[in-house]
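> please find the sequence and the predicted model below.
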Amino acid sequence: MKADAAEAIIGILEAAEEVALTSHVNPDGDSIGSLLGLSISLVALGKRVWAAIPGKGILPPQYRFMPGQDLLVPAASFPERCPVFVALDCGNIERLNSLRDKALRAERFINIDHHLDNTIFAQLNLVRPDTSSTSEIAFELLKEARVPLTADVAMSFYVGLMTDSGRFQHDNTNAATFRAASELVAAGGNPHRAAHEVYENQSLEYMRLIGRTLVRAEMVPNLELIHSYVSQQDLAETGAVMEETEDLIDILRMARGSRIAVLLKQLEDGQVRVSLRSADDVDIAWIARKHGGGGHQRAAGFTSPYDHETTLRIIEEEFRSN
Ligand code: AMP
Ligand code: MN
Ligand code: MN
């Protein structure tokens, strides 16, 4: 851990009476886990906490079992000028969406993240790209501050580790990830419950959506690229909600012969959210960055103003000409 940033952040959080914390827009298990884990801890230390999911503010259904979610408030209820504002798991400031301007107006603006392409957008930046997840960084931070780890906090961070490491299978998983996971489980994190709730408790509506997405999946053999899409019409017809589709791309990328997976999700406003995944040594983050998004070398995303067919053509062209 970059000692000076961590130390400075601990000092600020210890002194603060009020702290605002946020995940990124369209939150995943890591941003939610780090948000709830830190929020529960700060409340236990007697601080006034504002915790929010920016944008639509929807907690995805698969995370509705998580402790601490009663602490979540609408992003719009954040004070105009927060004494301390903590952005979690955000590679750039645009990920704060509706809370971006309030973050910039905060007296102290802190960025805790693990994206390699983090733009170091805050006053204090604790960015560790060698770490599995923001939840792991948050856990290390609390340990360094000697904050007692409760079972609820341990469970929150464990969910962050589990989801961002792809159930401890992605190449961001190393001995340190397992050490952290071991400590979290010893403190009351429940691996069986976490896996069950996040991965094995899906709505039948979403299961039907998975079926549709796989039926229409196509492979571009010379690029070793598999792709599919989800439209607003699919959501309407199956009854699934976009928030529960986080692991859909992980199902798509299981196909033999694919080294790149592309999932295009049509948003309510007609734009398309692009999820990119790759295997082995294929770097896909550059495409996401080039089109205004970001992410990791093997898991990245961006939002496209074009429809899914045009967006896919653009992506294929990028890979062909690279
Ligand atoms: P997703 O495909 O939405 O699960 O995102 C995969 C990875 O890319 C995550 O690490 C995200 O933080 C990152 N990512 C996705 N969309 C964006 C975006 N619009 N801007 C920056 N990073 C993104
Ligand atoms: Mn994330
Ligand atoms: Mn993350």
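Perfect, I can see it now. In this text the structure is predicted, and so the values were computed from the model without any measurement. Ligands and ions are numbered 1, 2, ... in the order given.
> only C-alpha atoms from now on, for both contacts and neighbour counts.
Fine.
> any regions of the stretch 1-150 of the chain where pLDDT drops low?
Within the stretch 1-150 of the chain, the stretches with pLDDT under 70 are 1-3.
> what about 90?
Applying pLDDT under 90 to the stretch 1-150 of the chain flags the ranges 1-4.
> ranges for the helices of this protein?
3-15, 29-44, 100-105, 134-144, 151-164, 175-186, 191-199, 204-215, 232-238, 248-252, 285-290, 308-321 (DSSP state H).
> near ligand 3, anything from the fifth one?
No: among the residues of helix 151-164, none lie within reach of ligand 3 under Cα under 5 Å from the ion; the closest is 5.7 Å away.
> what bridges to the residue nearest to Val220 when sequence neighbours are not counted?
Sequence neighbours aside, Ile226 is the residue nearest to Val220 in space, at 6.2 Å (criterion: Cα to Cα, 6 or more residues apart in numbering). Beta bridges link Ile226 to Met219, Ala261 when assigned by DSSP bridges.
> separation between Ile226 and ligand 3?
Distance, Ile226 to ligand 3, by Cα to the ion, to the nearest Å: 24 Å.
> next one: Pro60
16 Å.
> who's in contact with that residue?
Taking Cα atoms under 8 Å, 6 or more residues apart in numbering as the criterion, Pro60 is in contact with Pro27, Glu243, Glu244.
> of all those residues, which comes closest to Leu209?
Taking Cα to Cα as the measure, Leu209 lies nearest Glu244 of the contacts of Pro60, at 10.2 Å.
> quick check, Glu243 in contact with Pro61.
Yes: counting by Cα atoms under 8 Å, Glu243 touches Pro61, with 7.1 Å between them.
> so between the two, which is more surrounded?
Pro61 (17 against 14; other Cα atoms under 10 Å).
> my guess is that one contacts Met242, does it?
No: at 10.0 Å, Pro61 does not count as touching Met242 under the criterion of Cα under 8 Å.
> returning to that earlier point: and for the residue nearest to Val220, the neighbour number?
When neighbours are counted by other Cα under 10 Å, Ile226 registers 24.
> repeat that for Ser41.
Neighbours of Ser41 (other Cα under 10 Å): 20.
> hmm, Val153 and it touching each other?
Yes: Ser41 lies in contact with Val153 (Cα under 8 Å); the separation is 6.9 Å.
> what's near enough to touch Ile226?
Ala217, Glu218, Met219, Val220, Leu252, Arg253, Ala255, Ser258, Arg259, Ile260, Ala261, Val262.
> try 10 Å this time
For Ile226, the contacting residues are 217-220, 249, 252-263, 277, by Cα atoms under 10 Å, 6 or more residues apart in numbering.
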